[in-house]
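Trainee: Predicted model, plus sequence, below.
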Amino acid sequence: MSARPRDPMLPRSYRIESVESELPGGEVFSWTLRPRGGELEVGQPGQFNMLYQLGIGEVPISISALGEDGTLIHTIRDVGGVTRNMAALSAGEEIGVRGPFGTAWPVAAAEGHDVLLVAGGIGLAPLRPVIHHVLANRERYRRIFLLYGTRQPADILFRKELERWRGRFDIDVAVTVDRADASWRGDVGVVTRLIERGGFDPRNSIAMVCGPEVMMRFAVMSLERRGVPARQIYLSMERNMQCAVGYCGHCQYGGHFICKDGPVFPYDRLEPLFDVREL
Amino acid sequence: MDDLAQVFAEEPFFSGFSDAQLRRLAGLARPEVYQNGRYLIRQNGSADRFMLITTGHVVLKAFVPQRGMVPLETLGPGDPLGWSWLAPPYKWHYDGRALERTEVIAFEAEGLRQAMEQDHELGYRLQKRMIEVIAHRLQAARLQSLDLYGNPAGDLP
Ligand SMILES: Cc1cc2nc3c(=O)[nH]c(=O)nc-3n(C[C@H](O)[C@H](O)[C@H](O)COP(=O)(O)OP(=O)(O)OC[C@H]3O[C@@H](n4cnc5c(N)ncnc54)[C@H](O)[C@@H]3O)c2cc1C
Ligand code: FES
């Protein structure tokens, strides 16, 4: 740790140690990053960093894992201007990192409770450090459920890890896809259907939900229908960002700044806004 | 049969049904077991049973020319299997195949429809529960068709 607080607007230089393609075609890839000099700024599950590619631009990306050896992992989906350019970078190249920023998933508050992790698509990446944490501290939690939905079997992220988690007896892992061909032997249907199967103690559960906003809206409805109180449901919200520290107002969502007050919010704080369009 | 009434009294689907209603339903019910890979229902087959899954999983599939049997939805414990028995022409629209050893409570459909006609209290309760199931499934199917996880910018070139 340096003695002087760092300027949060100033990116630090990190080296891309390795690039791993998470899906065929490389539409989703993970970077393992190491600071070039100085120590890693260790974030918490749910927080994000601003990743900056010189001459191209900057994007907010959640922490996808904390490497054991002073590295940081981010999982990025190539969707447009900046992320498209990032997809072309290779190991050894340099990237600017500001952060970590924002609120974390409530891993401490979830101790002593059933933990429901509901992920959709790339939303599994921001929840992955929670899975690592709860499994590393297994005795502090009651039942743990990972309910993961994605578009099709070819889009399932972190396959090897999912297999490992499935192989354990102390976490219930369910994966469902929206479409499949005849060769798929797993679940077909939206992720909300997995919530409806229950198996958890709703009043004594903490749910953490991450995925496209429509998916989160329906997931919340299913959780509430099952009896999970709104204050025990947490969501990770996304909006375009610029400063990431609450100055510029780019990420404003009703009265909240997603970068500073979020991205992780308990649902009871979002409820009045959640169905309002154009926020 | 009282044993069976007891079994499905514990199913959330039947919560709120009176003892008399459960006993009447039990008279129309029997447990069935399907091994992995066996069909519970066949597309176009007569919808002569209403089934409630108690253990195991069932995949619903439809035949699509060029693509073969396409899986549409997986059902698990607590899920009712199909509602084609409720409305004419009482034919299944899909195949339903066990993905593992699956146990169901199967109700004979003709008798069930008669019981619902004769006892409107029972008929109302059962229809109300089925409407909840159908509404949730319809919402889920709509969500499934939205392509939620597609690229926000549209398909990449
Ligand atoms: C707190 C936070 C955490 C995030 N974590 C991750 C992560 O772990 N991995 C990851 O891949 N992405 C994550 N994102 C989303 C990521 O920041 C955006 O995909 C990225 O900024 C897009 O920039 P671009 O220049 O590549 O695309 P652009 O050219 O800016 O956008 C391409 C298309 O994507 C749409 N789009 C842009 N941003 C978003 C968004 N946030 N949500 C939905 N649609 C969007 C645009 O409307 C446009 O249609 C996160 C966003 C936030 C706010
Ligand atoms: S990104 Fe500037 S206020 Fe949030």
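Mentor: Everything's here; your move. Ligands and ions are numbered 1, 2, ... in the order given.
Trainee: how's chain A carved up into domains?
Mentor: A:12-101, A:114-274 (automatic domain parsing).
Trainee: and ligand 1, which of those is closest to it?
Mentor: Closest approach to ligand 1 among the domains of chain A (CB to the nearest ligand atom): domain A:12-101, 2.4 Å. To be clear about C-beta, it is placed using only N, CA and C from the backbone, and glycine gets the same treatment.
Trainee: is ligand 1 contacted by the closest one?
Mentor: Yes - residues of domain A:12-101 are located near ligand 1 by CB under 6 Å from any ligand atom, namely A:48, A:59-62, A:75-77, A:79-84.
Trainee: now for the helix or strand hosting A:Met208, which elements pack on it?
Mentor: Secondary structure from DSSP states H and E places A:Met208 in strand A:205-210. Packing contacts for strand A:205-210, counted by 3 or more CB pairs under 8 Å, 6 or more residues apart in numbering or on different chains; DSSP states H and E, involve strand A:114-120, helix A:124-136, helix A:213-226, strand A:233-236.
Trainee: Quickly compare these and say which is most buried.
Mentor: Stretch with highest mean neighbour count among those: strand A:114-120 (a mean of 26; mean count of other CB atoms under 10 Å in any protein chain shown).
Trainee: and that one with chain B, contact?
Mentor: Yes - if you take CB under 8 Å from any CB of the partner chain as the test, strand A:114-120 does meet chain B, through A:Gly120.
Trainee: and that strand, what other elements does it pack with?
Mentor: Against strand A:114-120 (3+ CB pairs under 8 Å, 6+ apart) you get helix A:124-136, strand A:144-150, helix A:191-196, strand A:205-210, helix A:213-226.
Trainee: Show residues contacting the third one.
Mentor: Right, helix A:191-196. Helix A:191-196 has contacts (CB atoms under 8 Å, 6 or more residues apart in numbering or on different chains) with A:116, A:118-120, A:147-149, A:174, A:176, A:187, A:211, A:215, A:218-219, A:221-223, A:225-226, B:73-74, B:136, B:140, B:143.
Trainee: before we move on, what about the second one?
Mentor: Under the criterion CB under 8 Å, 6+ apart, residues A:114-121, A:124, A:127, A:131, A:134-135, A:138, A:156-157, A:162, A:165, A:170-178, A:190-191, A:194-195, A:199-200, A:211, A:215, B:149 lie in contact with strand A:144-150.
Trainee: what does stretch B:110-127 give?
Mentor: Stretch B:110-127 has contacts (CB under 8 Å, 6+ apart) with B:16-17, B:21, B:24-25, B:27-28, B:48, B:50, B:85-86.
Trainee: quick one: terminal-to-terminal distance for it?
Mentor: End-to-end distance for stretch B:110-127, by CA to CA, to the nearest Å: 15 Å.
Trainee: Same question for that stretch: list its buried residues.
Mentor: Neighbour counts using 16 or more other CB atoms under 10 Å in any protein chain shown place B:112-113, B:115-116, B:122-123, B:125-126 of stretch B:110-127 among the buried residues.
Trainee: pLDDT of it, averaged?
Mentor: Averaging pLDDT along stretch B:110-127 yields 95.
Trainee: cool, and stretch A:156-163?
Mentor: Averaging pLDDT along stretch A:156-163 gives 96.
Trainee: quick one: is that stretch near ligand 1?
Mentor: No - applying CB under 6 Å from any ligand atom, one finds stretch A:156-163 separated from ligand 1 by no less than 10.4 Å.
Trainee: Extract the C-alpha trace of that stretch and format it as CSV.
Mentor: What follows is stretch A:156-163, C-alpha atoms only, in CSV (Å, rounded to 0.1, in the frame of the first residue of the first chain):
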residue,chain,number,x,y,z
ILE,A,156,-22.1,-21.5,-21.0
LEU,A,157,-19.3,-19.7,-19.3
PHE,A,158,-16.6,-21.1,-17.0
ARG,A,159,-17.5,-24.7,-18.0
LYS,A,160,-14.6,-26.4,-16.1
GLU,A,161,-15.4,-24.5,-13.0
LEU,A,162,-19.1,-25.2,-13.2
GLU,A,163,-18.3,-28.9,-13.5
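Trainee: Name the residues that touch it?
Mentor: A:22-23, A:28, A:75, A:122, A:124-125, A:128, A:148, A:150, A:173, A:175, A:177.
Trainee: Partner strands of the host helix or strand of B:Ile105, with direction?
Mentor: Using DSSP H and E, B:Ile105 maps to strand B:102-108. The sheet places strand B:102-108 alongside strand B:29-34 (antiparallel), strand B:49-55 (antiparallel), with pairing taken from DSSP bridges.
Trainee: list the buried ones in that strand?
Mentor: Result for strand B:102-108 [16+ other CB under 10 Å]: buried residues B:102, B:104-108.
Trainee: still on that earlier bit, dump the helices and strands packed on strand A:114-120 to a markdown table, plus distance to A:Glu39.
Mentor: Output for the helices and strands packed on strand A:114-120, formatted as a markdown table (distance: least, CB to CB, whole Å):
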| stretch | distance to A:Glu39 |
| --- | --- |
| helix A:124-136 | 18 |
| strand A:144-150 | 31 |
| helix A:191-196 | 38 |
| strand A:205-210 | 28 |
| helix A:213-226 | 34 |
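Trainee: so where do the helices sit in the stretch 1-150 of chain A?
Mentor: Using DSSP state H, counting those that start in this stretch, the helices of the stretch 1-150 of chain A run over residues A:81-86, A:124-136.
Trainee: now the longest one, how far from the chain's geometric center?
Mentor: In other words, helix A:124-136. In this view, helix A:124-136 has its centroid 9 Å away from the chain centroid, taken as CA atoms, centre = their mean, to the nearest Å.
Trainee: just the first one next, same as before
Mentor: With CA atoms, centre = their mean as the basis, the distance from the averaged C-alpha position of helix A:81-86 to the chain average is 19 Å.
Trainee: Brilliant, that's me finished.
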